[in-house]
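Peer 1: following is a predicted model, sequence given first.
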Number of protein chains: 2
Amino acid sequence: MPSSSSMASASPAECRQAIRRGEWTRHTSGLAAGYAQANLVILPAQYADDFMRFCLMNPKPCPLLDVTRPGDPVPHGLGEGIDLRHDLPRYRLYRHGALDGECTDIAELWQDDFVGFSIGCSFSFEEALINDGLDVRHVTHDRNVPMYRTNRALTPSGVFRGELVVSMRPFPAAQAIRAIQLTTDMPRVHGAPIHLGHPELLGIENLAAPDFGEPPVLHDDDLPVFWACGVTPQLAIEQAKLPLVITHSPGHMLITDLPNQQLKFG
Amino acid sequence: MPSSSSMASASPAECRQAIRRGEWTRHTSGLAAGYAQANLVILPAQYADDFMRFCLMNPKPCPLLDVTRPGDPVPHGLGEGIDLRHDLPRYRLYRHGALDGECTDIAELWQDDFVGFSIGCSFSFEEALINDGLDVRHVTHDRNVPMYRTNRALTPSGVFRGELVVSMRPFPAAQAIRAIQLTTDMPRVHGAPIHLGHPELLGIENLAAPDFGEPPVLHDDDLPVFWACGVTPQLAIEQAKLPLVITHSPGHMLITDLPNQQLKFG
């Protein structure tokens, strides 16, 4: 297996090739530094229309970067030579809303009515915050970001509905303001936060007990800052209980050829 | 017919009611000041998927504000009680790519497979520029904005393809910079310009002879500034030669309940 540092400095195409050859099956955080990674949702064409509308109506949790044509495994908007059947290190299968295993290649599962949705990921804006000198606490402490279910209803579309899930990053006030400025310019990777301060206004009872990820490391004078999270569409898909859906496995994203810098300003 | 000034200060709902009652059939520029207006495209569900993907892949000319479910004439994302069958002052019918008349209500033409696409409109960012003190030349001179075909190919989707159409607003350099700043924050209504300066780099031979709209009023020291234009999807639809498509008539837009201010920052 290639080393993490060699994968960090590799190009997106080199990373995808190592993944396609089965040499890299771990998470993709930090790989192909400077390039956008994407959440992936693959579902049959009969549900694609409603899911596309669901993403459009809920653009902060579900910012669409690319949608493939039915049966085409190539996301043409994201780079050269990408194949959604091979190029993620780990996939999840959901049958009737329940997790039904993981795998590292989905060529044998591919159907000629599959549509692939690539959705922006917070890795891009975290890189921008870190490059600007902000202390992105869970990265500093090598933890997964804390994520919470909220009481905010999504705009439903067909079988897709649910509540917004948020990720939380704590910052002292001046850094919170700077984080708002920087992420405002990146609407294709969740954009500006949706809330800061009192978690109870989102229906979050205990910051120390996130629904997903790991507990936060909070300092005195920190404000919790909440961003719409890419787990939101995943929960909506589970609730929809479709016969078969394939997604990335959390943290095991699609590495694209889009420079993070290019995701600025919509 | 209500006066222009009474319609300018009316609420979006009041304007739509006057339009629905047939009391207002003129263009909507300046009506319900402060609220977003939208381009409208209605086409049968069998083409909706490809058209939605076309908009997603070409977000600067085709920023989607709302997409209805097949057969539903209500764009739920744009306000209360809007009905796409009655609420625009003038519609255009295209059959097999050719203009086949205009009308002021489409209830009798409505089909249970129609999908309505509402697309952001430059009226919103022009209001922001004027409020900031910029001289939006064609507004100052009470002309239609000049629009030009370019040599920039769009990303195709199914039967939808073509070249980018741009609108042009001339500004002295300092105002051009300010216009870039202000429109950068409004990606849902075309966002930042796509070009400024030399028109020939876009394949535009003569600024004085626009393909649509009226010739520009140019001052010495002006830079031409080019924005992606909502005429782009209309041309792509004509080229696709679908059996039936309904659009707004140019300038006769859908008045929404979305404050222009709310379109800032994506």
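Peer 2: Structure's in. What do you need? In this text the structure is predicted, and so the values were computed from the model without any measurement.

Peer 1: partner strands of whichever strand or helix holds A:Glu102, parallel or antiparallel?
Peer 2: For A:Glu102, the element it lies in under DSSP states H and E is strand A:98-103. Strand pairing for strand A:98-103, determined by DSSP bridges: strand A:91-95 (antiparallel).

Peer 1: re earlier: using CSV, write down the CA coordinates of the helix or strand following the strand holding A:Glu102.
Peer 2: Later in the chain than strand A:98-103, the nearest helix or strand by DSSP H and E is strand A:114-120. Taking Å, rounded to 0.1, in the frame of the first residue of the first chain, the C-alpha atoms of strand A:114-120 are listed here in CSV:
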residue,chain,number,x,y,z
PHE,A,114,-27.9,3.7,-12.2
VAL,A,115,-27.5,7.5,-11.7
GLY,A,116,-24.5,8.8,-9.7
PHE,A,117,-24.8,12.0,-7.6
SER,A,118,-21.6,13.7,-6.5
ILE,A,119,-22.2,16.0,-3.6
GLY,A,120,-19.8,18.6,-2.2
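
Peer 1: buried ones in strand A:114-120, by neighbour count?
Peer 2: A:Phe114, A:Val115, A:Gly116, A:Phe117, A:Ser118, A:Ile119, A:Gly120 (16 or more other Cβ atoms under 10 Å in any protein chain shown). (Each C-beta comes from the backbone N, C-alpha and C, glycine too.)

Peer 1: how much space between the nearest residue to the second one once chain neighbours are set aside and A:Gln111?
Peer 2: The shortest distance from A:Val115 to any residue other than its chain neighbours is 4.0 Å, reached at A:Ala48 (Cβ to Cβ, 6 or more residues apart in numbering or on different chains). When distance is defined by Cβ to Cβ, to the nearest Å, A:Ala48 is 12 Å away from A:Gln111.

Peer 1: the more surrounded of these two?
Peer 2: Per other Cβ atoms under 10 Å in any protein chain shown, whichever of A:Ala48 and A:Gln111 has more neighbours is A:Ala48, with 24 against 15.

Peer 1: quick check: the more buried one touching B:Asp49?
Peer 2: Yes. Applying Cβ atoms under 8 Å, one finds A:Ala48 in contact with B:Asp49, separated by 6.9 Å.

Peer 1: what's the closest of the buried residues of strand A:114-120 to chain B?
Peer 2: A:Val115 (8.8 Å; Cβ to the nearest Cβ).

Peer 1: get me the contact residues on the stretch 151-266 of chain A for chain B.
Peer 2: Within the stretch 151-266 of chain A, the positions near chain B by Cβ under 8 Å from any Cβ of the partner chain are A:Thr155, A:Ser157, A:Gly158, A:Thr184, A:Asp185, A:Pro187, A:Gly191, A:Ala192, A:Phe265, A:Gly266.

Peer 1: 7 Å instead?
Peer 2: With Cβ under 7 Å from any Cβ of the partner chain as the criterion, the stretch 151-266 of chain A meets chain B at residues A:Thr155, A:Thr184, A:Pro187, A:Gly191, A:Ala192, A:Phe265, A:Gly266.

Peer 1: tell me, how many residues neighbour the third one?
Peer 2: If I follow you right, that is A:Pro187. Count around A:Pro187 with other Cβ under 10 Å applied: 22.

Peer 1: list the contacts for it?
Peer 2: Counting by Cβ atoms under 7 Å, 6 or more residues apart in numbering or on different chains, A:Pro187 touches A:Pro63, A:Gly266, B:Pro187, B:Gly266.

Peer 1: just give the number of residues close to the residue nearest to it when sequence neighbours are not counted.
Peer 2: Spatial nearest neighbour of A:Pro187, chain neighbours left out: B:Gly266 (3.0 Å); criterion: Cβ to Cβ, 6+ apart. B:Gly266 has 21 neighbouring residues, counting by other Cβ under 10 Å.

Peer 1: what sits against B:Gly266?
Peer 2: B:Gly266 neighbours (Cβ under 7 Å, 6+ apart): A:Pro187, A:Gly191, A:Gly266, B:Pro187, B:Arg188.

Peer 1: is A:Pro224 in a helix, a strand, or coil?
Peer 2: For A:Pro224, the assignment made with DSSP: H, G, I helix; E, B strand; the rest coil gives strand.

Peer 1: my guess is it meets A:Phe171, correct?
Peer 2: No. In this structure A:Pro224 lies outside contact range of A:Phe171 using Cβ atoms under 7 Å: 8.6 Å.

Peer 1: for chain A, just list every one of the helices.
Peer 2: A:4-9, A:12-20, A:45-57, A:123-131, A:137-140, A:173-184, A:231-240 (DSSP state H).

Peer 1: include mean pLDDT when you put these into TSV, please.
Peer 2: Putting the helices of chain A into TSV (pLDDT from 0 to 100) gives the following:
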stretch	mean pLDDT
helix A:4-9	91
helix A:12-20	97
helix A:45-57	93
helix A:123-131	94
helix A:137-140	95
helix A:173-184	94
helix A:231-240	95
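
Peer 1: for those helices, give me CSV that also has distance to A:Asn39.
Peer 2: Converted to CSV, the helices of chain A look like this (distance: least, Cβ to Cβ, whole Å):
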stretch, distance to A:Asn39
helix A:4-9, 20
helix A:12-20, 16
helix A:45-57, 11
helix A:123-131, 10
helix A:137-140, 18
helix A:173-184, 17
helix A:231-240, 7
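
Peer 1: show me what contacts A:Thr25?
Peer 2: A:Pro89, A:Arg90, A:Thr104.

Peer 1: make it 10 Å
Peer 2: A:Met1, A:Ala18, A:Ile19, A:Leu88, A:Pro89, A:Arg90, A:Glu102, A:Cys103, A:Thr104, A:Asp105, A:Ser249, A:His252 (Cβ atoms under 10 Å, 6 or more residues apart in numbering or on different chains).

Peer 1: excluding sequence neighbours, find me the nearest residue to A:Asp221.
Peer 2: Closest to A:Asp221 by Cβ to Cβ, 6+ apart is A:Pro172, at 5.4 Å.

Peer 1: again but with A:Thr104, I slipped
Peer 2: Per Cβ to Cβ, 6+ apart, closest to A:Thr104 is A:Thr25, 5.2 Å.

Peer 1: ok, A:Arg169 next?
Peer 2: Nearest one to A:Arg169, counting by Cβ to Cβ, 6+ apart, is A:Val225 at 5.5 Å.

Peer 1: how many residues are close by that neighbour?
Peer 2: A:Val225 has 23 nearby residues by other Cβ under 10 Å.

Peer 1: wait, it touches A:His198, no?
Peer 2: No. In terms of Cβ atoms under 10 Å, A:Val225 does not count as a neighbour of A:His198; the distance is 12.0 Å.

Peer 1: quick one: contacts for the residue nearest to A:Val115?
Peer 2: Contacts of A:Ala48 (Cβ under 10 Å, 6+ apart): A:41-42, A:67-70, A:113-117, B:49, B:52-53.

Peer 1: in JSON lines: these, plus distance to A:Thr232.
Peer 2: Putting the contacts of A:Ala48 into JSON lines (distance: Cβ to Cβ, whole Å) gives the following:
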{"residue": "A:Val41", "distance to A:Thr232": "11"}
{"residue": "A:Ile42", "distance to A:Thr232": "17"}
{"residue": "A:Val67", "distance to A:Thr232": "17"}
{"residue": "A:Thr68", "distance to A:Thr232": "21"}
{"residue": "A:Arg69", "distance to A:Thr232": "25"}
{"residue": "A:Pro70", "distance to A:Thr232": "24"}
{"residue": "A:Asp113", "distance to A:Thr232": "25"}
{"residue": "A:Phe114", "distance to A:Thr232": "22"}
{"residue": "A:Val115", "distance to A:Thr232": "19"}
{"residue": "A:Gly116", "distance to A:Thr232": "18"}
{"residue": "A:Phe117", "distance to A:Thr232": "13"}
{"residue": "B:Asp49", "distance to A:Thr232": "23"}
{"residue": "B:Met52", "distance to A:Thr232": "20"}
{"residue": "B:Arg53", "distance to A:Thr232": "22"}
